[in-house]
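Chemist: need a structure here:
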Amino acid sequence: MKLTVLEKALGSTLFSGYIPFASGTFSSAVAFAFYWIPGFEKPALLIPLIIFFSLLGVFIGSRFEKSYGKDPSQCTIDETVGMWISLLFLPKQIIITVIAFFIWRLLDIIKPFPARQSEKLPGGIGIVTDDIISAIYTSIIMNLIVIKFF
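Modeler: Prediction:
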């Protein structure tokens, strides 16, 4: 299956998914950079974007799988969604968001229950769901950290 340039750009977080190593980390960094656009952190904007990119990720993720195989490293739209969920409702402070970035990356790699199991879901649903689960864990951890220390 041939992906369009737009599908490649969106599905790989502006082509960062095509970086041959740590593509998930690079794509998370791109999503992190978008978050720093003034006003981007506002839930009224961020929540609809998360929903839109999650649904788009299911569709595009399935197309990436048809081109590259099961859960391909090139498809990183799920890292974008996960990074944004991880930052949702946090104070927009560099130290807090950097901690969230590192916790997000750790949990995305570890894939705590039931994230790893959800990877087995078919197509784009499996690609996106594990990242959403890990990002929700990150959000909970970060909100507890903010309550306790900030």
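Chemist: contact partners for Pro43?
Modeler: By C-beta atoms under 8 Å, 6 or more residues apart in numbering, Pro43 lies in contact with Leu88, Phe89. Heads up, the C-betas are built off the backbone N, CA and C, glycines and all.
Chemist: distance of it relative to Leu90?
Modeler: 11 Å (C-beta to C-beta, to the nearest Å).
Chemist: just Leu107 next, same as before
Modeler: Distance of Leu107 to Leu90, given as C-beta to C-beta: 15 Å.
Chemist: likewise Gly123?
Modeler: Separation of Gly123 from Leu90 (C-beta to C-beta): 31 Å.
Chemist: same check on Arg105?
Modeler: Separation of Arg105 from Leu90 (C-beta to C-beta): 16 Å.
Chemist: and the strands in this protein?
Modeler: Counting by DSSP state E, the chain has no strands to list.
Chemist: so Lys120 sits against Thr129, correct?
Modeler: No: applying C-beta atoms under 8 Å, one finds Lys120 not in contact with Thr129, separated by 9.8 Å.
Chemist: more neighbours, the two?
Modeler: For the pair Lys120 and Thr129, the greater number of neighbours falls to Thr129 (22 against 11), based on other C-beta atoms under 10 Å.
Chemist: check contacts around that one.
Modeler: Contacts of Thr129 (C-beta under 8 Å, 6+ apart): Ala115, Ser118, Glu119, Leu121.
Chemist: mind giving me the PyMOL select for those, buried ones only?
Modeler: Buried members of the contacts of Thr129, defined by 16 or more other C-beta atoms under 10 Å, are picked up in PyMOL with:
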select buried, resi 115+118+119
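Chemist: which of the contacts of Thr129 fall in helices?
Modeler: With helices taken from DSSP state H, the overlap with these comprises Ala115, Ser118.
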